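Colleague: just coords:
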């Protein structure tokens, strides 16, 4: 719906159940406002480099882990796409590579997103942790509103009702 408060949503998908809750809520909003969803999963190349540098694994193992991360991401993106198609909501999905928060914020800027939707924020043990949490960084650096979704039962009931 042209001129609606929400026209384009970037949905940050992690390989977690929280991401599926966020996806259901994104679908409810997209259906309500006639918005389109751009679901993104990011292969965290910075994490891979840090693990290699810390000698957590060998270079050959990095390739295996990267392929595993990409396969997990594709599974979750496929699940999100199925949820959207069930409710006849327009969705595109893609796997990006790089520093997670930068890729998500850049994608939102690139498409002129009205909203970024992320899963529930994890509990921070310290102030320092919050500066290394990718979802927290998205929240801090995005140029558009960011919505963190929690409340799986409530969200499921909304999703089921549309």
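Modeller: Perfect, thanks for sending it. Computed from a predicted model, the values in this text were never measured in an experiment.
Colleague: Please make it C-alpha for all contacts and neighbour counts, starting now.
Modeller: OK.
Colleague: for the protein, which helix is longest?
Modeller: helix 59-86 (DSSP state H).
Colleague: Could you check whichever helix or strand comes after that helix and say which residues are buried?
Modeller: Sequence order places strand 91-98 as the next helix or strand after helix 59-86, per DSSP states H and E. Across strand 91-98, burial judged by 16 or more other CA atoms under 10 Å covers 91, 93, 96.
Colleague: Pull the residues that contact strand 91-98.
Modeller: Strand 91-98 is contacted from outside by 36-46, 70, 73-74, 77, 81, 84-85, 103, using CA atoms under 8 Å, 6 or more residues apart in numbering.
Colleague: and the nearest residue in space to residue 31 that is not next to it in sequence, backbone torsions?
Modeller: Leaving aside its sequence neighbours, residue 31 sits nearest to residue 89 (CA to CA, 6 or more residues apart in numbering; 6.0 Å). Main-chain dihedrals, residue 89, degrees, to the nearest 10: phi -110, psi 130.
Colleague: So residue 89 sits against residue 32, correct?
Modeller: No - with contact defined as CA atoms under 8 Å, residue 89 and residue 32 do not form a contacting pair (9.8 Å).
Colleague: how near is residue 108 to residue 137?
Modeller: 14 Å (CA to CA, to the nearest Å).
Colleague: neighbour-wise, which of the two wins?
Modeller: residue 108 (22 against 16; other CA atoms under 10 Å).
Colleague: need the contact list for that one.
Modeller: So residue 108 contacts 9-10, 115-116, 142, 144 (CA under 8 Å, 6+ apart).
Colleague: just so I have it, where are all the strands in this structure?
Modeller: 8-12, 36-44, 91-98, 115-118, 146-148 (DSSP state E).
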